[in-house]
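Engineer: Pasting a predicted model and its sequence here:
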Amino acid sequence: MSTIASEEDTLNLTACLHVAKRLALEAGKMQEEVTSATMNVQSKGGIDLVTAVDQACEKHIFEALRQEFPSHKFIGEESAAEVILNNEPTWCVDPVDGTTNFVHSFPMFCVSIGLFVNKAPVLGVIYDPSRKEMYHAIKGAGAFVNNVAIQVDHASTDLSQAFVCTNFGHSRKNFF
């Protein structure tokens, strides 16, 4: 069992992981059920988009996390952004990570749920509903996809030989 001590309490990270994985699957199911008629796309400015499913998924995830972990803090892509990361256990959620892709039916988006303690990440769950792939990691316990251990490729010892990918995000300031 993975645990980590914080100022408020001792966390059972394995229990936190089970909750986060369940909620990621539930949010992924909500995303699968959306149609273009129910998406309700809005711009937060420029190409930074938000949909009704972003908001519904985040609400669902936060309500369930608050029920399971009432003393924890929450930071979300769509809400609770006023919370400042501190030493308390804090869940960070992007309910549709890749909203622009989601809006355009490009199957590269996911549900992202992370837990920070003492301002450091201790747990992460990424669910890709398009591929039915669930990635998770607990600090010090390795990383997994669909519960199978994964690791970095040790063949590349130099960054110039490594496979690297990135995302420009929604901000285009100073890029073009």
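Structural biologist: Okay, I see it. Numbers count the residues shown, from 1 in each chain.

Engineer: Downstream of the particular helix or strand that has Glu63 in it, the next helix or strand is which one?
Structural biologist: Assigned by DSSP states H and E, Glu63 belongs to helix 52-68. Following helix 52-68 in sequence order, the next helix or strand is strand 73-76 (DSSP H and E).

Engineer: Each with direction, which strands does the very next helix or strand once past that next one pair with?
Structural biologist: If you walk from strand 73-76 toward the C-terminus, the next helix or strand you reach (DSSP H and E) is strand 90-97. Strand 90-97 pairs in its sheet with strand 73-76 (parallel), strand 110-117 (antiparallel), by DSSP bridges.

Engineer: Pull the residues that contact strand 90-97.
Structural biologist: Residues outside strand 90-97 that contact it (Cβ atoms under 8 Å, 6 or more residues apart in numbering): 27, 31, 51, 53-55, 57-58, 61-62, 65, 69, 72-78, 83, 85, 102, 109-117, 126. Every residue, glycine included, has its C-beta placed from N, CA and C.

Engineer: before we move on, the earlier item: what's the most buried one of the strands paired with strand 90-97?
Structural biologist: Compared across the strands paired with strand 90-97, strand 110-117 shows the largest average neighbour count, a mean of 24 (mean count of other Cβ atoms under 10 Å).

Engineer: Among the strands paired with strand 90-97, which comes closest to Val145?
Structural biologist: strand 110-117 (12.0 Å; Cβ to Cβ).

Engineer: between the helix or strand that comes right after the closest one and strand 90-97, how many degrees?
Structural biologist: Downstream of strand 110-117, the next assigned helix or strand under DSSP H and E is strand 120-128. Strand 120-128 runs at 20 degrees relative to strand 90-97, counting by axes from the mean of the first three to the mean of the last three Cα atoms, to 10 degrees.

Engineer: Run the chain-centre distance for strand 120-128.
Structural biologist: In terms of Cα atoms, centre = their mean, to the nearest Å, the centre of strand 120-128 is found 6 Å from the chain centre.

Engineer: and it, which residues are buried?
Structural biologist: 122-128 (16 or more other Cβ atoms under 10 Å).

Engineer: CSV for the residues you listed, including distance to Gln161 and pLDDT?
Structural biologist: Shown next, in CSV, are those (distance: Cβ to Cβ, whole Å; pLDDT from 0 to 100):
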residue, distance to Gln161, pLDDT
Val122, 31, 97
Leu123, 31, 97
Gly124, 27, 98
Val125, 30, 98
Ile126, 26, 97
Tyr127, 31, 98
Asp128, 27, 96
